[in-house]
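Engineer: Provided below are the primary sequence and the corresponding predicted coordinates.
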Amino acid sequence: MRQMRVVRRLLALVIWTLPSMLVQAVCLLLPGRPKVAFAQFYWTIFRRLLGLRLRVVGQRASGNRPVVFISNHSSWVDVPVLGGVLDGCFVAKGEIAGWPLAGTVAKLGRTVFVTRQRGTTGRERDAMRRRLAAGDNLILFPEGTSSDGSRVLPFRTAFFAVTAAGDDVAPLVQPVSVVYDRLGGLPTGRATRPVFAWFGDMDIATHFWRLGQQTGLHATVVLHGALDPARFPDRKALSQAVWRTVAAGAATLRQNRPAHPLGAEEILPVTEPAPEFA
């Protein structure tokens, strides 16, 4: 039964994805927001077909300014979870563009690919700024890699270069905490949380096979108050403040305590170094 569950979910995802790719390709040719709305719809259905239920706490930043959503990262599952909640384009490592099927889906979703090489940092930052100036939002994972889900790794300051004001108005920054908090209908702990995590040298097929056998999958997303980068003396201070917010929200969820979004007034600029993890 567990193996049949994996096969059934995989077939459902493929059957949903193939025609969706065609629809999104058409949406890319249309003016306005169809390409954004359909991408959100696609990831919402993808998550449901995966058997994952979701709870969202807090609200997306409102206003006319573009938003850079900053989230912790523990799995490829973060993409359908956040993709269905946030109206933004993902920023992903460049190698994903060459992955079979997944790379095509990412390109159709207008993912911004980065290499994180020192010589390309400025060019990639400018590409992200152009995307924000065009009215798009961005979804960033500034840990630079995924973790085992039991901690939030320190954020890399370089990812926050896109938040500085250029020729256009600086975007808002909204911290986001994601935790997979139920497995088999029971609260996850240190022993079961890695079932969701995709990190190290794991391959995605093996991880999907293991995760797809499970039932009672559940995640919680906390949308904290949006921040104005102008409140902070530099991007290092902004990075540390956002890290502390995301880590605090994730820690609360991991401890199975009621989560609440931190408001912008609660997120104070800080200058001391961030701990190794939280």
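Structural biologist: Looks like it came in fine. Numbers count the residues shown, from 1 in each chain.
Engineer: from now on I want contacts and neighbour counts done on CA atoms only, so please keep to that.
Structural biologist: OK.
Engineer: helices or strands up against the lengthiest strand in the chain?
Structural biologist: Assignment by DSSP state E gives strand 172-183 as the longest strand of the chain. Under the contact criterion of 3 or more Cα pairs under 8 Å, 6 or more residues apart in numbering; DSSP states H and E, strand 172-183 touches strand 67-71, strand 217-223, helix 235-254.
Engineer: beta partners of residue 52?
Structural biologist: Residues in a beta bridge with residue 52, per DSSP bridges, are residue 217.
Engineer: residues touching it, list them.
Structural biologist: 216-219 (Cα atoms under 8 Å, 6 or more residues apart in numbering).
Engineer: do the same with residue 16
Structural biologist: Counted by Cα under 8 Å, 6+ apart, residue 16 has contacts residue 46.
Engineer: any weak-confidence spans in the protein?
Structural biologist: Along the chain, segments meeting pLDDT under 70 span 116-120, 165-168, 264-265, 267-278.
Engineer: hmm, try it at 80
Structural biologist: The chain contains residues with pLDDT under 80 at 116-122, 145-148, 164-169, 200-201, 263-278.
Engineer: that one: strands as residue ranges?
Structural biologist: Going by DSSP E, the chain shows strands at 52-58, 67-71, 89-93, 112-114, 138-140, 172-183, 186-187, 217-223.
Engineer: save those as JSON lines, and put in distance to residue 77 too.
Structural biologist: Output for the strands of the chain, formatted as JSON lines (distance: least, Cα to Cα, whole Å):
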{"stretch": "strand 52-58", "distance to residue 77": "9"}
{"stretch": "strand 67-71", "distance to residue 77": "13"}
{"stretch": "strand 89-93", "distance to residue 77": "13"}
{"stretch": "strand 112-114", "distance to residue 77": "18"}
{"stretch": "strand 138-140", "distance to residue 77": "14"}
{"stretch": "strand 172-183", "distance to residue 77": "10"}
{"stretch": "strand 186-187", "distance to residue 77": "18"}
{"stretch": "strand 217-223", "distance to residue 77": "10"}
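Engineer: so which of those is nearest residue 244?
Structural biologist: Nearest to residue 244 among the strands of the chain is strand 172-183 (9.5 Å), distances taken as Cα to Cα.
Engineer: how far does that closest one sit from its chain's centre?
Structural biologist: 8 Å (Cα atoms, centre = their mean, to the nearest Å).
Engineer: please apply the same query to stretch 191-205.
Structural biologist: The answer for stretch 191-205 is 16 Å, by Cα atoms, centre = their mean.
Engineer: using a markdown table, lay out the helices and strands packed on strand 172-183 together with distance to residue 61.
Structural biologist: Below are the helices and strands packed on strand 172-183 laid out as a markdown table (distance: least, Cα to Cα, whole Å):
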| stretch | distance to residue 61 |
| --- | --- |
| strand 67-71 | 7 |
| strand 217-223 | 9 |
| helix 235-254 | 15 |
